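Asks: Curious how this folds, go ahead:
(one chain, ligands or ions: 1)
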Amino acid sequence: MPRLNSHDDFTPLKEVIVGSAANYLSHERDVSFELFHHENLTGFRSDWAYPRLTQAAAGHRESWAIKERYAEELHEDVEDLAATLARLGVTVHRPLPLPPDASPIAGLGWEAAPTPALNIRDNTLILGDEIIETPPAIRSRYLETRLLAPVFTAYWQEGARWTTMPRPTLTDNSFDLSYARDTATTLGGPTEAIDDPQPSPYDVGLEMMLDGAQVLRLGRDLVINVAQENHTRGTEWLQRHLGHQYRVHRVWRMADNHIDSMVLALKPGVFLARHEGIRDLMPEPLRSWRYIVPPEPDAGAFPVYDDYEDLVLTSPYIDLNVLSVDEHTVLVNEDCTGLAKTLETEGFDVVPVRHRHRRLFGGGFHCFTLDTHRTGGFEDYLS
Ligand SMILES: NC(=[NH2+])NCCC[C@H](N)C(=O)O
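Replies: Numbering: from 1, shown residues only. From the prediction side, this is the model:
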């Protein structure tokens with residue numbers, strides 16, 4: 001196992017962890033889940049798709065079943081993604097798969113069914129030779145990085161630094177609801193209750209929460225999407241931890257949380273962006289870069305889901321979430337032909353990979369992977 005070294009998203013990829021979709025059977029629909037996915041649960045489809053949770057009161061656990069066929073097809077696609085990366089010469093590591101009979105996990109005052117380590121970009125940030133486990137905002141994901149512990153241990157034994165950011169308690173009152181409130185939809189119809197926090201004897205007030213996927217890594221510059229106080233605190237912790245070596249740039253509310261379906265760096269000087277307005281939201285020194293904006297997603301490119309039974313967790317822009325193998329080669333969803341063509345016109349080699357249910361499981365190829373070794377160093381891309 002060579003040493004951990006990953007400072008960016010585009011220099012030649014040598015080693016990567018590919019998430020596991022095994023036994024993704026349900027979603028735990030508690031306040032933490034509803035809040036995190038608030039924008040997609042109410043914003044992109046008719047609110048009628050969302051019958052209000054009638055039994056959310058008094059600690060009742062609401063498990064939302066995922067159809068077996070979708071879970072199996074997802075698993076198939078993720079295994080193919082791992083095989084494609086291996087074929088491209090990248091060493092692929094895998095998390096422990098979630099067993100089919102996983103018992104619920106618990107924190108102080110809550111219980112939740114654990115999720116598999118699928119969107120592994122979310123709960124870990126790799127900065128150079130350091131693994132930083134970030135503080136999760138969703139209870140069911142609290143122990144997700146434990147499924148990565150064997151891989152992290154192997155890197156640690158080869159000299160990597162391994163840090164865990166302070167763990168939040170995640171009581172109802174830990175969450176800053178301001179973003180969800182400020183972006184509430186006006187579609188009418190029944191929307192989910194997202195602002196009915198119950199008191200807990202373990203309340204500690206607002207806590208730090210930040211996902212690795214809120215951070216865009218560019219060598220010594222980090223661009224972090226901050227949408228509310230939980231994120232502000234997480235970012236402040238990170239800045240103090242990193243000291244003066246890194247330049248931490250905060251961008252305010254570019255997205256609800258993750259930045260990697262809004263903007264991704266394809267190579268020095270070039271971003272892939274959801275829309276033209278992204279440029280103005282970026283830190284000043286990065287506004288002069290080129291922003292490639294693909295055509296609007298084609299609604300016909302997605303499977304048709306049931307409005308009442310299938311929980312759609314991402315926007316239709318999710319296919320922007322590509323994975324670069326180097327500055328010329330990009331893994332793109334084979335169904336997103338508009339994006340593939342745009343990238344080809346721009347001179348990139350596109351590797352088409354199948355990923356059918358990206359809207360049901362919260363992520364694309366960037367989310368499902370964690371690059372642990374790229375050849376790039378601690379560069380200053382701004383000078
Ligand atoms: N790292 C991730 N899980 N990123 C996925 C972000 C998806 C984004 N919320 C969207 O709806 O488009």
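Asks: tell me the pLDDT at residue 33?
Replies: Note on residue 33: pLDDT of 89.
Asks: Look at it and tell me its secondary structure.
Replies: The three-state label given to residue 33 by DSSP: H, G, I helix; E, B strand; the rest coil is helix.
Asks: show me where the stretch 51-200 of the chain has strands.
Replies: 63-65, 91-93, 105-107, 110-112, 124-127, 130-133, 161-164 (DSSP state E, counting those that start in this stretch).
Asks: In JSON lines, list those strands along with distance to residue 359 and mean neighbour count.
Replies: For every residue, glycine as well, the C-beta is placed using N, CA and C. Formatted as JSON lines, the entries for the strands of the stretch 51-200 of the chain read as follows, by distance: least, Cβ to Cβ, whole Å; neighbours: other Cβ atoms under 10 Å:
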{"stretch": "strand 63-65", "distance to residue 359": "15", "mean neighbour count": "14"}
{"stretch": "strand 91-93", "distance to residue 359": "25", "mean neighbour count": "17"}
{"stretch": "strand 105-107", "distance to residue 359": "26", "mean neighbour count": "16"}
{"stretch": "strand 110-112", "distance to residue 359": "22", "mean neighbour count": "21"}
{"stretch": "strand 124-127", "distance to residue 359": "23", "mean neighbour count": "23"}
{"stretch": "strand 130-133", "distance to residue 359": "27", "mean neighbour count": "20"}
{"stretch": "strand 161-164", "distance to residue 359": "31", "mean neighbour count": "13"}
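Asks: and those strands as CSV, adding distance to the ligand and mean pLDDT?
Replies: Output for the strands of the stretch 51-200 of the chain, formatted as CSV (distance: least, Cβ to the nearest ligand atom, whole Å; pLDDT from 0 to 100):
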stretch, distance to the ligand, mean pLDDT
strand 63-65, 17, 87
strand 91-93, 18, 98
strand 105-107, 20, 97
strand 110-112, 18, 95
strand 124-127, 11, 98
strand 130-133, 15, 98
strand 161-164, 19, 98
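Asks: Dump these to a markdown table, plus distance to residue 242.
Replies: Conversion of the strands of the stretch 51-200 of the chain to a markdown table gives the following (distance: least, Cβ to Cβ, whole Å):
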| stretch | distance to residue 242 |
| --- | --- |
| strand 63-65 | 38 |
| strand 91-93 | 25 |
| strand 105-107 | 28 |
| strand 110-112 | 31 |
| strand 124-127 | 7 |
| strand 130-133 | 9 |
| strand 161-164 | 10 |
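Asks: Out of the ones you listed, which is closest to residue 228?
Replies: Between residue 228 and the strands of the stretch 51-200 of the chain, the shortest separation by Cβ to Cβ is 18.8 Å, and it involves strand 124-127.
Asks: Sheet partners, orientation included, of that closest one?
Replies: According to DSSP bridges, strand 124-127 has the following sheet partners: strand 130-133 (antiparallel).
Asks: just how off-centre is the strand it pairs with within its chain?
Replies: For strand 130-133, the distance from its own C-alpha centre to the chain's C-alpha centre is 16 Å (Cα atoms, centre = their mean, to the nearest Å).
Asks: ok, now stretch 371-383?
Replies: Relative to the mean C-alpha coordinate of its chain, stretch 371-383 is positioned 21 Å out (Cα atoms, centre = their mean).
Asks: likewise stretch 4-16?
Replies: How far stretch 4-16 lies from its chain's middle: 17 Å, per Cα atoms, centre = their mean.
Asks: now stretch 214-232
Replies: Taking the mean C-alpha point of stretch 214-232 and that of its whole chain, the gap between them comes to 13 Å (Cα atoms, centre = their mean).
Asks: What parts of the stretch 101-250 of the chain come near the ligand?
Replies: Within the stretch 101-250 of the chain, the positions adjacent to the ligand are 119, 121-122, 213 by Cβ under 6 Å from any ligand atom.
Asks: the bottom helix or strand of this structure by mean pLDDT?
Replies: In the chain, no helix or strand scores lower on mean pLDDT, DSSP states H and E than helix 38-43, which sits at a mean of 70.
Asks: For the stretch 201-350 of the chain, give me the ranges with low pLDDT.
Replies: Applying pLDDT under 70 to the predicted model, the stretch 201-350 of the chain contains no residue that meets it.
Asks: Mind listing residues that contact stretch 68-86?
Replies: Counting by Cβ atoms under 8 Å, 6 or more residues apart in numbering, the neighbours of stretch 68-86 from elsewhere in the structure are 13, 16, 18-25, 92, 94, 118, 310, 325, 331, 351, 353-357, 360-361, 365, 368-369.
Asks: Any of those buried? List them.
Replies: Of all these considered here, the ones buried according to neighbour count by 16 or more other Cβ atoms under 10 Å are 13, 16, 18-25, 92, 94, 118, 310, 325, 331, 351, 353, 355-357, 360-361, 365, 368-369.
Asks: among those, which are in strands?
Replies: Of the positions in these, 13, 16, 18, 92, 331, 351, 353, 369 sit in strands, assigned by DSSP state E.
Asks: For ChimeraX, write a command that selects the buried ones of the residues of the stretch 101-250 of the chain next to the ligand.
Replies: To isolate the buried members of those in ChimeraX, using 16+ other Cβ under 10 Å:
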select :119,121,122,213
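Asks: Tell me which entries of the residues of the stretch 101-250 of the chain next to the ligand lie within helices.
Replies: Among these, no member falls in helices (DSSP state H).
Asks: For the ligand, state which of the residues of the stretch 101-250 of the chain next to the ligand is nearest.
Replies: For those, the residue nearest the ligand by Cβ to the nearest ligand atom is residue 213; the value is 3.3 Å.
Asks: can you pull the contacts of the closest one?
Replies: With contacts defined as Cβ under 8 Å, 6+ apart, the neighbours of residue 213 are 119, 121-122, 257-260, 366-367.
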